[in-house]
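Q: Show me the folded form of this:
(2 chains)
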Amino acid sequence: MALGIGYGLPFVAQHGTNPYKTQWAAAREGAKGAGATVEDENAGAGSCLVSRGQDVYTDGLPSTPSLLIVPQFYKEGNLYQDVPPFVAEDSTMRFTVSRNTTATRVNSSGLIESVASGVPRIDWLGQSCPALLVEASGQNQALWSRDLSVSGTWAASGITAVRNAVGADGAASGATTLTSTAASATITQNISHASQSRIFSAYMRRVSGTGQIQLTTNGGTNWQTVTLTSAFAPFNSGAQTVASGQVGIRMIASGDVIEVDFTQAEVGPVPTSPITTTSGAVSRAADVISASGALVSGLIGQTEGTIYAEVDIRNLTTADFARIISIRATADSNNFIEIEKRSSTQLRISARLNSGTGITFLTHPSAFVLGTNKIAFAYQDGNYAMGFNGVVATSAQAGMAVGLSQVILGAASSNIAQLNDRIRAAALYTTRLSNDQLAELTRL
Amino acid sequence: MATFRKYAFPNEATFTALPVPQGFAVPLGEIDGAYCVDILWDAEPQADYLPFECWPPPVGVHTFLGWDDQYGKDYTERDDVSNTLNED
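A: Predicted coordinates:
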């Protein structure tokens, strides 16, 4: 690489000719000054997160975002954006984060780890580049979730269970080794609950054998076959509506050996991050991530604008209905714009445009795909457009939300409709980007 | 500062008649003849709920992720206070 202007100078100066990287570097220093952790810090400007931010910034040109966040700077209670960089507490916006329980994430080493209350979760599950995990509250009703050798809780038939394996969190004797001693061997646990959509999940890896491994959440009425590898990975039974049920694992071939960790029986339709249990059920609080106030309203286009979101969808289910980003007038339910993943897996914009009656719904003809999805919604009274993975749909809907002053990531107001998935990036523009820009910004 | 407390009500109607708790409430259903609810309050518990507080040995049939130790400390502290009062 040729030595450019600024070689040998402090980092900010090195990127003086790159508007995004200049702001990213300032954001990093500002956030660190506020006591924040920097995810993937050792990679410096070579981090995949910087590349992602650079891509979003560049794809929106010649328009520049008033707010851009690729989640990577955080501490208890706060998540910081890249643009505008955090400088001082009273002159820069930042997201507040609340979750009154601990929770888990997959760290950069691929291991499950506990995250303290109020700390946002930058999750690396199955990815070479992480994203912000936003989940609803959850409860694991499977007792002794890591120790399937506890008899009286787990009932084994043709399976020997010993808790002696290195866990999915790297802990010695964290996981349970299951050895099948008969064909179609099972290990199950009865769960008591009302009739509702339920799902059973577990981290598993194969030690030896080739027989099928299956999971159930309804006492074996349905067995979901899953394909294990030699590395721990999450698997689930698929959601089933069931009254007090029985969750479990079935090993079809005798003599197979697998390791199981972080089993979880919870309300469906999607499996959430691991909640460790012992003798009782355990609940995790929801993630609530929002920013509001005068500093925020100044970053939101009030008469026109564009909202961008980039999400990593792992849980594509028709039973789910989730918000990706919500822009609202604080404490005014008559004015909001929300980007949603509908239960049909389509993209929908839900908005109340300064009206106390009715909500405007704009639905994009395309459906979400597993993996990365890019969404941009451009708004102006009578001139709306949605860009979704490169395809633009328009609407001449009249009306415009006013007084927008709050941004919520991965949920609606009142702490509902969490995404239960991962946000890779989000951005706001104070201008309505052209339809061509929307297509470019959202092209995969 | 959030606070974890356990409650036992005579019935579900008694619980639902109280002001909606400012926090994360997890109904546990009927246990030993009482309608039980665990609440992780956003701050201090609402006074209306105080008469229904109960203290099963840590941590009972349910807990909140990461709150076992704090509940155990509160349980022990309450037990110590109770013993001191009895000595007086």
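Q: how about the helices in chain B?
A: Shown for chain B, the helices assigned by DSSP state H span residues B:12-17, B:68-87.
Q: Would you format the ones you listed as CSV with distance to chain A and mean pLDDT included?
A: Placement of C-beta: from N, CA and C, glycine included. Conversion of those to CSV gives the following (distance: least, C-beta to the nearest C-beta, whole Å; pLDDT from 0 to 100):
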stretch, distance to chain A, mean pLDDT
helix B:12-17, 13, 97
helix B:68-87, 9, 80
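Q: Smallest distance to chain B belongs to which residue of chain A?
A: With C-beta to the nearest C-beta as the measure, A:T102 is the residue of chain A nearest to chain B, at 3.1 Å.
Q: Could you find the closest non-adjacent residue to that residue?
A: On the basis of C-beta to C-beta, 6 or more residues apart in numbering or on different chains, the spatially nearest residue to A:T102 that is not a chain neighbour turns out to be B:G66, at 3.1 Å.
Q: Return the backbone torsion pair for that neighbour.
A: Dihedral pair for B:G66: phi 90, psi 0, per degrees, to the nearest 10.
Q: what about it, how many neighbours?
A: Here the number of neighbours of B:G66 (other C-beta atoms under 10 Å in any protein chain shown) works out to 21.
Q: beta partners of A:V282?
A: Under the criterion DSSP bridges, A:V282 forms beta bridges with A:N140, B:T63.
Q: about what we covered before: just send the helices of chain B back as CSV, with mean neighbour count and distance to B:E44 too.
A: Formatted as CSV, these follow (neighbours: other C-beta atoms under 10 Å in any protein chain shown; distance: least, C-beta to C-beta, whole Å):
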stretch, mean neighbour count, distance to B:E44
helix B:12-17, 13, 19
helix B:68-87, 12, 13
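Q: hmm, back to that, so who does the residue of chain A closest to chain B touch?
A: Counting by C-beta atoms under 8 Å, 6 or more residues apart in numbering or on different chains, A:T102 makes contact with A:114-117, A:284, B:65-66.
Q: Just name the shakiest helix or strand of the chain by mean pLDDT.
A: All of this is about chain A. Using mean pLDDT, DSSP states H and E, helix A:11-14 stands out as the lowest-scoring helix or strand of chain A, at a mean of 44.
Q: right, and the helix or strand after it?
A: Scanning the chain past helix A:11-14 towards its C-terminal end, the next helix or strand to appear is helix A:19-33 (assignment: DSSP states H and E).
Q: Give me the phi and psi angles of A:S297.
A: Note on A:S297: its backbone torsions stand at phi -60, psi -30 [degrees, to the nearest 10].
Q: would A:D55 count as being in a helix?
A: Yes. With DSSP: H, G, I helix; E, B strand; the rest coil as the criterion, A:D55 is part of a helix.
Q: separation between it and A:T431?
A: Between A:D55 and A:T431 the distance is 20 Å, computed by C-beta to C-beta, to the nearest Å.
Q: Report the contact partners of A:T430.
A: Residues counted as contacts of A:T430 (C-beta under 8 Å, 6+ apart) are A:66, A:299-301, A:304-305.
Q: Identify the residue spatially nearest to it, adjacent ones excluded.
A: Leaving aside its chain neighbours, A:T430 sits nearest to A:G301 (4.0 Å; criterion: C-beta to C-beta, 6+ apart).
Q: Sticking with that neighbour, tell me its helix or strand.
A: According to DSSP H and E, A:G301 maps onto no helix or strand at all.
Q: can you tell me which residues contact it?
A: A:G301 makes contact with A:66, A:379, A:428-432, according to C-beta under 8 Å, 6+ apart.
Q: Could you work out the most separated pair of those residues?
A: Within the contacts of A:G301, A:S66 and A:Y379 form the most distant pair, 14.0 Å apart (C-beta to C-beta).
Q: Who has more neighbours out of the two?
A: Counted by other C-beta under 10 Å, A:S66 and A:Y379 do not tie: A:Y379 has more neighbours, with 27 against 18.
Q: how near is the more buried one to A:V134?
A: The gap separating A:Y379 from A:V134 is 23 Å, by C-beta to C-beta.
Q: what about the closest residue to chain A within chain B, distance to A:S192?
A: Checking chain B residue by residue against chain A with C-beta to the nearest C-beta singles out B:G66 as nearest, at 3.1 Å. With distances defined as C-beta to C-beta, the gap from B:G66 to A:S192 amounts to 24 Å.
Q: Stretch A:160-169: how far from the chain's middle?
A: Average the C-alpha atoms of stretch A:160-169, do the same for its chain, and the two points are 28 Å apart (C-alpha atoms, centre = their mean, to the nearest Å).
Q: Give me the buried positions along that stretch.
A: Residues A:161, A:163, A:165-169 are the ones in stretch A:160-169 that count as buried (16 or more other C-beta atoms under 10 Å in any protein chain shown).
Q: can you redo those as TSV with pLDDT?
A: Formatted as TSV, the buried residues of stretch A:160-169 follow (pLDDT from 0 to 100):
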residue	pLDDT
A:A161	98
A:R163	98
A:A165	98
A:V166	98
A:G167	98
A:A168	98
A:D169	98
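Q: Quick check: of these, which lies closest to A:D147?
A: Taking C-beta to C-beta as the measure, A:D147 lies nearest A:R163 of these, at 4.7 Å.
Q: What's the local residue count around residue 25?
A: Using chain A. Counted with other C-beta under 10 Å, the burial measure for A:A25 works out to 23 neighbours.
Q: actually it's chain B I care about, not the one you picked
A: Counted with other C-beta under 10 Å, the burial measure for B:A25 works out to 16 neighbours.
Q: which residues touch it?
A: Taking C-beta under 8 Å, 6+ apart, we find B:A25 in contact with B:37-40.
Q: what bits of chain B have low per-residue confidence?
A: Using pLDDT under 70 as the threshold, the predicted model of chain B has low-confidence ranges B:81-88.
Q: how about a cut-off of 90?
A: Residue ranges of chain B with pLDDT under 90: B:1, B:59, B:78-88.
Q: Same check on the stretch 251-400 of chain A?
A: By pLDDT under 90, the weakly predicted segments of the stretch 251-400 of chain A are A:268-269, A:314-322, A:330-334, A:342-346, A:348, A:350-361.
Q: which residues in it form strands?
A: Counting by DSSP state E, counting those that start in this stretch, residue ranges of the strands within the stretch 251-400 of chain A are A:257-267, A:281-284, A:288-292, A:304-313, A:322-329, A:332-341, A:346-353, A:360-367, A:371-380, A:384-388, A:391-395.
Q: likewise the stretch 51-200 of chain A?
A: Taking DSSP E, counting those that start in this stretch as the criterion, the stretch 51-200 of chain A contains strands spanning A:67-69, A:73-75, A:78-80, A:95-98, A:103-106, A:112-115, A:121-123, A:131-134, A:138-140, A:155-157, A:159-165, A:175-180, A:185-190, A:196-208.
Q: Mind putting these into a markdown table with distance to A:H364?
A: Written out in a markdown table, the entries for the strands of the stretch 51-200 of chain A read as follows (distance: least, C-beta to C-beta, whole Å):
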| stretch | distance to A:H364 |
| --- | --- |
| strand A:67-69 | 23 |
| strand A:73-75 | 31 |
| strand A:78-80 | 28 |
| strand A:95-98 | 26 |
| strand A:103-106 | 30 |
| strand A:112-115 | 33 |
| strand A:121-123 | 26 |
| strand A:131-134 | 21 |
| strand A:138-140 | 29 |
| strand A:155-157 | 48 |
| strand A:159-165 | 45 |
| strand A:175-180 | 42 |
| strand A:185-190 | 42 |
| strand A:196-208 | 26 |
